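1. Got a predicted model here, sequence first, then my questions.
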Amino acid sequence: MEQLIPFISDVGFPIVVTLYLLHRIEAKLDTVVQSIQSLPARLQERPDPETMYPAKVTQDPIREIN
């Protein structure tokens with residue numbers, strides 16, 4: 001027991017800092033997960049880019065080489 005108290009006092013600060021940082025990262029990860037989960041619905045709401053910006057297709061005549 002006597003060896004445990006100095007160990008906790010030496011390692012306690014890094015553990016507290018690690019838990020604090022994990023808590024902050026967890027909140028940010030929740031936001032990222034929500035954004036990713038809402039992405040398919042948001043993509044379906046967008047108008048079709050082909051109707052907004054039709055592609056200009058120009059075809060050159062095909063020439064036969066003899």
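-> Yes, it's here.

2. Please count neighbours and contacts with C-alpha atoms only from this point.
-> Will do.

3. Counting neighbours, what do you get for R46?
-> 8 (other CA atoms under 10 Å).

4. can you pull the pLDDT of it?
-> pLDDT for R46: 78.

5. can you check M52 too?
-> Predicted confidence (pLDDT) for M52: 65.

6. so where's the longest helix in this structure?
-> If you go by DSSP state H, the chain has its longest helix at helix 4-45.

7. Which phi and psi values does R63 adopt?
-> For R63, the backbone dihedrals (degrees, to the nearest 10) come out as phi -110, psi 140.

8. measure it to I5 for me?
-> Noted for R63: a distance of 88 Å to I5, by CA to CA, to the nearest Å.

9. Could you do V33 as well?
-> Separation of V33 from I5 (CA to CA) stands at 40 Å.

10. And A41, by the same measure?
-> 54 Å.

11. try L43
-> For L43, the distance to I5 (CA to CA) stands at 56 Å.

12. And L21, by the same measure?
-> 24 Å.

13. and if you look at L39?
-> Distance from L39 to I5, by CA to CA: 50 Å.

14. now do P40
-> From P40 to I5 the distance is 52 Å (CA to CA).

15. next one: F13
-> For F13 relative to I5 (CA to CA), the value is 13 Å.

16. Sweet, I'm off.
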